[in-house]
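Q: compute the structure for the input listed below.
(one chain, ligands or ions: 1)
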Amino acid sequence: MEKSDRTPNLCALILAGGKSSRMGRDKALLPLEGKPLLTRTCQIAQSCANPVWVISPWPERYREILPANCQLIQEVATDSGGATHGPLVGFAQGLTQITTEWVLLLACDLPQLQPEPLQQWGQLLDALPESTLAFLPQHPKGWEPLCGFYRQRCLTSLQTFIAQGGRSFQAWLSTQNVQPIPQVDRSLLLNCNTQEEWQQIER
Ligand SMILES: Nc1nc2c(ncn2[C@@H]2O[C@H](COP(=O)(O)OP(=O)(O)OP(=O)(O)O)[C@@H](O)[C@H]2O)c(=O)[nH]1
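A: Next up, the predicted model:
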């Protein structure tokens with residue numbers, strides 16, 4: 001994909017701050033196609049969005065493996081007990097750094113992700129009504145929040161929700177104007193949480 005294929009006014013934010021407790025090792029560093037999963041996710045994001053940010057409570061762990069021009073955001077991500085706040089808070093903190101109208105939010109652990117669908121979906125953003133705050137794949141029980149598009153201005157309602165103790169993406173999205181991305185091949189969105197799931201990924 002050429003640089004000119006990127007959707008204007010779209011940056012990407014990649015979440016790399018989970019505990020990977022079910023996997024037992026850092027999912028961002030799992031090797032796929034000869035590179036860490038996070039590196040691959042950044043490269044895919046770079047093919048359709050600019051700039052690409054990675055937000056993590058431990059950014060130094062990833063500095064050496066990021067492609068050129070990707071930028072790290074240090075997340076303040078632990079409460080007094082040392083637990084991370086989860087992806088919704090990471091997203092909100094990352095969003096404060098962003099100045100483009102739209103952001104592509106991605107989990108770092110999407111081993112089946114491909115650039116072409118993201119690029120095609122990004123090209124639909126301009127046709128969305130101004131009132132649409134997010135453009136996401138749907139699944140039978142709700143939205144797929146960690147592979148989709150958000151307007152930067154959703155930050156205001158997100159911060160209010162978090163200040164009231166909210167931590168659930170699905171609960172927050174149920175109060176927002178979200179449009180479904182049409183005709184999503186759901187196999188692209190497979191996320192990999194356990195060793196058993198990881199062993200089934202074709203490499
Ligand atoms: N920046 C950031 N990313 C997070 C945080 N929690 C989860 N994520 C990311 O969100 C995505 C989905 O995470 P999960 O698989 O639900 O959780 P996980 O903590 O990575 O894994 P488990 O410990 O097994 O639940 C992954 O890309 C994680 O790196 C967080 O507190 N901050």
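Q: can you give me the neighbour number for the closest residue to the ligand within the chain?
A: Evaluated by Cβ to the nearest ligand atom, the chain has Gly18 as its residue closest to the ligand, separated by 1.9 Å. Using the backbone N, CA and C atoms, a C-beta is placed for each residue, glycine as well. Counted with other Cβ atoms under 10 Å, residues neighbouring Gly18 total 21.
Q: so what pLDDT did it get?
A: The predicted local distance difference test score for Gly18 is 90.
Q: quick one: it is in a strand?
A: No. When classified by DSSP: H, G, I helix; E, B strand; the rest coil, Gly18 is found to be coil rather than part of a strand.
Q: quick check: chain neighbours aside, which residue is closest to it?
A: Leaving out its chain neighbours, the residue that sits closest to Gly18 by Cβ to Cβ, 6 or more residues apart in numbering is Lys27, at 6.8 Å.
Q: ok, the one you found - contacts?
A: The contact partners of Lys27, by Cβ atoms under 8 Å, 6 or more residues apart in numbering, come to Gly18, Ser20, Leu37, Cys108, Asp109, Cys192, Asn193.
Q: hang on, the fourth one packs against Leu13?
A: No. If you go by Cβ atoms under 8 Å, Cys108 and Leu13 don't touch, sitting 10.9 Å apart.
Q: where along the protein do the helices fall?
A: Taking DSSP state H as the criterion, the chain contains helices spanning 37-46, 87-95, 115-122, 155-163, 169-173, 195-199.
Q: list the contacts of the fourth one.
A: Going back to what we said before, that points to helix 155-163. Here helix 155-163 has contacts from Leu88, Val89, Phe91, Ala92, Leu95, Thr96, Leu133, Ala171, Trp172, Thr175, Gln176, using Cβ under 8 Å, 6+ apart.
Q: what is the nearest of these to Glu33?
A: Phe91 (26.5 Å; Cβ to Cβ).
Q: okay, the closest one: pLDDT?
A: You'll see Phe91 listed with a pLDDT of 97.
Q: isn't it up against Gly17?
A: No. Between Phe91 and Gly17 there is no contact, the gap being 10.1 Å when judged by Cβ under 8 Å.
Q: done for today, thanks.
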